[in-house]
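> quick one, structure for this:
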Amino acid sequence: MMCLIKKTKDWLEKLRETRKLAKQEERMQKIKYLDMFMTHLSFMADAGYSDEEVENYRQAWIRRQSWFHRWIW
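Model prediction:
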């Protein structure tokens, strides 16, 4: 019986660690995505888009990203 309890505890610990790693990976993916977005905004500005056009695009992108609001705030 004790062996079963220990195996269950070990399994739960591995599951927790896996979930923690998955959350870290998800955060890293979101950071990479945000970095690409910021680079895109920079390219838009360099290409001659007005500040107003770049800001409108940024705001529209943020509105479309439901995860962004939950994650940042």
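
> now the helices for this structure?
Using DSSP state H, the helices of the chain run over residues 2-46, 51-64, 66-72.

> tell me, which of these is the model least confident about?
Lowest mean pLDDT within the helices of the chain: helix 66-72, a mean of 63.

> for stretch 45-61, buried residues please.
V54 (16 or more other CB atoms under 10 Å). C-beta here means a position set from N, CA and C on the backbone, and glycine is covered the same way.

> which other residues reach it?
Under the contact criterion CB atoms under 8 Å, 6 or more residues apart in numbering, stretch 45-61 has outside partners F37, L41, M44.

> which among the residues you listed count as buried?
When the contacts of stretch 45-61 are checked for burial by 16+ other CB under 10 Å, the buried set is F37, L41.

> distance of E55 from R63?
Remark: distance between E55 and R63 (CB to CB, to the nearest Å) = 13 Å.

> tell me the centre residue of the chain?
Geometric centre of the chain, nearest residue: K30, 2.4 Å, by CA atoms, centre = their mean.

> from K23, how far out is that one?
For K30, the distance to K23 equals 11 Å [CB to CB].

> and for T39?
Distance, T39 to K23, using CB to CB: 25 Å.
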